[in-house]
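*Asks:* What follows is a predicted structure for the sequence shown.
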Amino acid sequence: MKNRDKRAIIFIAKKLADFGFRIVATRGTAKALSQSGIPVEGVNKVHEGRPNIVDLIKSREIDLIINTSTGRRPKRDQVSIRSVAVAHSIPLITTISGAAASVQGIEALRQEEITVKSLQEYHRKEAESREHRA
């Protein structure tokens, strides 16, 4: 995670921890989260040895990944993390705004049941509502 994202991720990680997620992060991010009072487990980057984040992904110990880009060119760890995440069907978020939106979605799911309607059903109910107001 790039350094400027570390400050922004604190609120997101706090919410996820409050929802019961176990937070796992590499050294720099783990330090920033820990200093903010967020319980976090440190894990090695791929090039730092084993066990590392890719090992945790492969062993299905990770359910959601937030991995923001550290620059214009993808680094080897990012490529490894992202390709293994896709191969194991683990949701992968690559921006802070995407992570914030995902947390809002998780929060909404926890507060109320989400229902699915067809577009036709949605418009029919809207039309009925307008008729009752008229």
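*Replies:* Yep, it's here. Residues are numbered from 1 along each chain as shown.
*Asks:* Where does pLDDT dip in the protein?
*Replies:* For the chain, residues meeting the criterion pLDDT under 70 lie at 1-3, 71-74, 134.
*Asks:* Okay, strands next: where are they in it?
*Replies:* Here the chain has its strands, by DSSP state E, at 24-26, 41-43, 65-66, 92-93.
*Asks:* Need the contact partners of the first one.
*Replies:* Residues from elsewhere that reach strand 24-26, judged by Cβ atoms under 8 Å, 6 or more residues apart in numbering: 1, 13, 33, 40-45, 53, 56, 61-62. Bear in mind the C-beta positions are built from the backbone N, C-alpha and C, glycine included.
*Asks:* Single out the most deeply packed of the strands of the chain.
*Replies:* strand 65-66 (a mean of 21; mean count of other Cβ atoms under 10 Å).
*Asks:* could you say what helices and strands that strand packs with?
*Replies:* strand 92-93 (3 or more Cβ pairs under 8 Å, 6 or more residues apart in numbering; DSSP states H and E).
*Asks:* Need the nearest residue in space to Ala85, chain neighbours excluded.
*Replies:* Leu92 (4.4 Å; Cβ to Cβ, 6 or more residues apart in numbering).
*Asks:* What of Ala100?
*Replies:* Using Cβ to Cβ, 6+ apart, the nearest residue to Ala100 is Ile12, at 5.9 Å.
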